[in-house]
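Enquirer: coordinates only, no sequence provided:
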């Protein structure tokens, strides 16, 4: 074998196990994709129509620009300037094939003397990226002892212990816990990450999915060109088109130039028709409607499943963001054993061990925790879903 072995990222590890056990791909008709992080891809009540086609000229079949087409980059800049009062231009925007490649590129080019600061419970591929790129990092406690809610003081402590230049990484709202930093807390985090020896990756894939409405660090960044802050966004979740594989990084112009050069050798840009499609979704009237509809619909789903899961004996630690519930299984049941039961019903959850940035497996505090996704679930499936969950949770 010429290639070094590399395991699948956490979510895909579960997808492949599910496929082997059930003979189906999670998300196929008849399956219950509670392990997956995608939203409904149909029109939500009160929301805008999801286009099922896109028109483009023959010129859009040419190679795309390395950093993204001007039309999409301008639309993204206009979006943040309108909703969050930022003052960015298209030169502060780099387009990627989803959010993950943008995060990977940022960590790939991070200078070697920079220490990464990351929470103990976080989005599964962060661990894989840090390991693959051999990045020095420090863990901010996020576990049952603090109810998965670290404070800004915990971040300051990790920075002080590092004694180096530091880059904070945080998904906000957090995937998997749904804990969201907003208002003064988010402003304080931005201030903490500002300065020549500080920086941050703030992953806002779930920007729209917050109980009190969409939230972005862009509201508190006074001049991104004087910062080392990277704000990650994507059409995947809030705009409801994960299959378009279109994401972006908002950063200083000098950092966007690095991404442009990287794309020229490693990515070759993002599909131009996909960029045209997403540009249309960012029309300000349309996206205003989408933001309101997503918040209302998923707030309702979050409450319904919070009540349902709690009634099954699950101890929930979920915040008010995202479209997941994060909780501890009853009866001493482990997440892996729970999945073995669920597979028989063509269902699956994401085991909490895959969100442990220490990757301690069964020996860690995440062994009995799960991430339950209500993102792709139709409301009329609630009774059937609860029947399966209650059956598989029996002691």
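Expert: Ah, there it is. The structure presented is a predicted model; accordingly, all values stated were derived computationally and were not measured. Residues are numbered from 1 along each chain as shown.
Enquirer: you'd agree residue 388 is in a helix?
Expert: Yes. Residue 388 forms part of a helix when assessed by DSSP: H, G, I helix; E, B strand; the rest coil.
Enquirer: what's the local residue count around the residue lying closest to residue 354 once chain neighbours are set aside?
Expert: Ranked by CB to CB, 6 or more residues apart in numbering and with sequence neighbours excluded, the top spatial neighbour of residue 354 is residue 10, at 3.4 Å. Heads up, the C-betas are built off the backbone N, CA and C, glycines and all. Using other CB atoms under 10 Å, residue 10 has 24 other residues around it.
Enquirer: dump the residue contacts of residue 10.
Expert: 124, 125, 127, 128, 350, 354, 355 (CB atoms under 8 Å, 6 or more residues apart in numbering).
Enquirer: pull the most distant pair out of the residues you listed.
Expert: 128 and 350 (14.4 Å; CB to CB).
Enquirer: neighbour count: the two, which is higher?
Expert: Comparing residue 128 with residue 350 by other CB under 10 Å, the one with more neighbours is residue 350, at 28 against 17.
Enquirer: does the more buried one have any beta-bridge partners, and if so which?
Expert: residue 371 (DSSP bridges).
Enquirer: over to residue 199?
Expert: Residues in a beta bridge with residue 199, per DSSP bridges, are residue 167.
Enquirer: I'd like the distance between it and residue 290.
Expert: 30 Å (CB to CB, to the nearest Å).
Enquirer: again, but for residue 182
Expert: Look at residue 182 and residue 290: by CB to CB, they are 19 Å apart.
Enquirer: what about the strands in this protein?
Expert: Applying DSSP state E to the chain gives strands spanning 93-96, 114-119, 137-140, 165-171, 198-203, 229-234, 247-250, 315-316, 324-328, 350-351, 369-373.
Enquirer: what sits up against the last one?
Expert: Residues outside strand 369-373 that contact it (CB under 8 Å, 6+ apart): 33-37, 175-176, 305, 309, 323-329, 335, 338, 349-352, 355.
Enquirer: let's see which of the contacts of residue 10 end up in helices.
Expert: 124, 125, 127, 128 (DSSP state H).
Enquirer: ok, the first one - contacts?
Expert: When contacts are counted by CB under 8 Å, 6+ apart, residue 124 is found next to 9, 10, 11, 350, 354, 355.
Enquirer: so for it, what's the pLDDT?
Expert: Listed pLDDT for residue 124 reads 95.
Enquirer: if I look at the nearest residue to it once chain neighbours are set aside, how far off is residue 200?
Expert: Computed as CB to CB, 6+ apart, the closest residue to residue 124 that is not its neighbour in sequence is residue 10, at 3.2 Å. In this view, residue 10 and residue 200 are 23 Å apart by CB to CB.
Enquirer: give me the beta-bridge partners of the closest residue to residue 315 other than its chain neighbours?
Expert: In space, and not counting its chain neighbours, residue 315 is closest to residue 328: 4.3 Å by CB to CB, 6+ apart. Judged by DSSP bridges, the bridge partners of residue 328 are residue 315, residue 369.
Enquirer: list the contacts of residue 328.
Expert: Neighbouring residues of residue 328 by CB under 8 Å, 6+ apart: 144, 314, 315, 316, 317, 368, 369.
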